[in-house]
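A.B. asks: What follows is a protein structure lacking sequence information:
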């Protein structure tokens, strides 16, 4: 790991720790869709409005909001590799991870 990569990782780790954030990451398209549909059915609102996305979409991001809580959703396709992530407060992400049987991470991990 290079110097700047290590520095960036430390900065991200500090941000996640300071703001009590957790992440669901390396989500497949189907898993991401299942989680999104489940959260929307529980009253979460997606901003911007839901666009018909596919697993071939290059990249998109959105936010889910419910009251004052916000989850950040990211989807990215790099070549043959594609994955998604959901970032939010620990108390929310841990519950989502349990409900959808998805591992929760304290900080983003390299691929």
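C.D. replies: Structure received. Note that this is a predicted model, so its numbers are computed, not measured.

A.B. asks: hey, let's count contacts and neighbours off CA atoms from now on
C.D. replies: Will do.

A.B. asks: For residue 102, which non-adjacent residue is closest in space?
C.D. replies: Nearest residue to residue 102, sequence neighbours excluded (Cα to Cα, 6 or more residues apart in numbering): residue 24, at 7.0 Å.

A.B. asks: ok, now how distant is residue 78 from residue 87?
C.D. replies: The gap separating residue 78 from residue 87 is 20 Å, by Cα to Cα, to the nearest Å.

A.B. asks: from what I can see the residue nearest to residue 102 touches residue 87, true?
C.D. replies: Yes - counting by Cα atoms under 8 Å, residue 87 is a contact partner of residue 24 at 6.5 Å.

A.B. asks: Quick check: neighbours shared by the two?
C.D. replies: Common contacts of residue 24 and residue 87, defined by Cα atoms under 8 Å, 6 or more residues apart in numbering, comprise residue 93.

A.B. asks: sorry, back to before: next, the contact list for the residue nearest to residue 102, please.
C.D. replies: Residue 24 touches 85, 86, 87, 93, 97, 102, 103, 104, 105, counting by Cα under 8 Å, 6+ apart.

A.B. asks: Quick one: which of those residues is the most crowded by neighbours?
C.D. replies: residue 86 (25 neighbours; other Cα atoms under 10 Å).

A.B. asks: Run through the chain and note the low-pLDDT ranges.
C.D. replies: 1, 49-57, 79-80, 111 (pLDDT under 70).

A.B. asks: That one: helices as residue ranges?
C.D. replies: Assigned by DSSP state H, the chain shows helices spanning 3-18, 29-41, 90-99.

A.B. asks: From the chain's centroid, how far away is the shortest one?
C.D. replies: Using Cα atoms, centre = their mean, to the nearest Å, the mean C-alpha position of helix 90-99 is found 12 Å from that of the whole chain.
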